[in-house]
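Structure of the sequence below:
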Amino acid sequence: MTIKPDDVIWKALLGACKLHGHIEMGKRIAENLMELAPRDSGGYVALSNMYASLGDWGSVAETRMRMKELNIRKDPGCSWIELDGMINEFLVEDDSNPRAEEIHLMLEEIVDKLRLAGHRPDTTNVLLNMDDREKESTLYHHSEKIAIAFGLISTSHKTPLRIVKNLPRFVGIVMPQ
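Residues are numbered from 1 along each chain as shown. Modelled structure (predicted):
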């Protein structure tokens with residue numbers, strides 16, 4: 001490169017390593033990123049996720065402990081949906097909405113319909129030390145799914161839902177049937 005790589009370039013390369021399974025290179029890149037931007041949680045989280053993908057839970061714990069010692073926190077994933085001019089925000093396993101019970105009933109309905117259609121969730125990217133049943137439950141309670149369920153119970157039939165998430169590469173539009 002003709003320019004010195006910054007943290008954005010390192011993050012892009014780190015994402016490519018994760019995508020293509022180049023774990024050893026990814027570890028080196030994560031270390032470079034943590035040196036370049038020591039207060040940014042991105043490098044630590046990516047390194048932790050790479051260790052988790054290998055089932056190296058000891059290294060996951062070490063990386064998370066390092067974050068804790070440096071007082072570095074990962075921003076939680078959240079999703080927003082705008083309905084009737086109001087922005088509604090949801091976090092993972094969020095029960096704070098006054099309609100939480102209705103939302104969870106809709107989530108169950110969605111999950112049941114997906115199962116009947118033959119869908120099996122891909123739990124390989126749930127990088128937590130838990131059994132597959134717990135991983136499936138975690139997938140079904142992501143913030144974007146909660147936002148979709150809220151949108152479905154709050155709008156009329158066939159209303160497009162626009163969900164925005166605070167993570168890169170995610171803006172979803174759902175077209176209910």
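
Would you map the helices across this protein?
For the chain, applying DSSP state H gives helices covering 7-20, 23-36, 41-53, 57-69, 100-116, 132-140, 143-154.

CA atoms only for the last one, dumped as CSV, please.
Coordinates of the C-alpha atoms in helix 143-154 are reproduced here as CSV (Å, rounded to 0.1, in the frame of the first residue of the first chain):
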residue,chain,number,x,y,z
SER,A,143,-32.6,-7.4,18.5
GLU,A,144,-33.5,-7.3,14.8
LYS,A,145,-35.9,-10.2,15.2
ILE,A,146,-37.6,-8.5,18.2
ALA,A,147,-37.9,-5.4,16.1
ILE,A,148,-39.5,-7.3,13.3
ALA,A,149,-42.0,-9.0,15.7
PHE,A,150,-42.8,-5.6,17.1
GLY,A,151,-43.4,-4.3,13.6
LEU,A,152,-45.7,-7.2,12.7
ILE,A,153,-47.9,-6.7,15.7
SER,A,154,-48.0,-3.0,15.3
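
Can you check what angle separates it from helix 100-116?
On the basis of axes from the mean of the first three to the mean of the last three CA atoms, to 10 degrees, helix 143-154 is oriented at 110 degrees to helix 100-116.

Can you spell out which helices and strands pack onto helix 143-154?
strand 78-83, strand 86-91, helix 100-116, strand 161-165, strand 171-174 (3 or more CB pairs under 8 Å, 6 or more residues apart in numbering; DSSP states H and E). Yep, even glycine has a C-beta here, placed from its N, CA and C like the rest.

hmm, 10 Å instead?
strand 78-83, strand 86-91, helix 100-116, helix 132-140, strand 161-165, strand 171-174 (3 or more CB pairs under 10 Å, 6 or more residues apart in numbering; DSSP states H and E).

Make a markdown table from these and add mean neighbour count to it.
A markdown table is the format used below for the helices and strands packed on helix 143-154 (neighbours: other CB atoms under 10 Å):
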| stretch | mean neighbour count |
| --- | --- |
| strand 78-83 | 18 |
| strand 86-91 | 15 |
| helix 100-116 | 14 |
| helix 132-140 | 15 |
| strand 161-165 | 18 |
| strand 171-174 | 11 |
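
Tell me, how many residues neighbour Ala46?
Residues within reach of Ala46, counting by other CB atoms under 10 Å, total 23.

My error: substitute Asp122 in the last question.
What Asp122 shows, counting by other CB under 10 Å, is a neighbour count of 10.

quick one, what contacts His142?
The neighbours of His142, taking CB atoms under 10 Å, 6 or more residues apart in numbering as the test, are Gly77, Ser79, Phe90, Leu91, Val92, Glu93, Asp94, Ile148, Lys165.

What's the separation between Glu102 and Leu152?
Separation of Glu102 from Leu152 (CB to CB, to the nearest Å): 10 Å.
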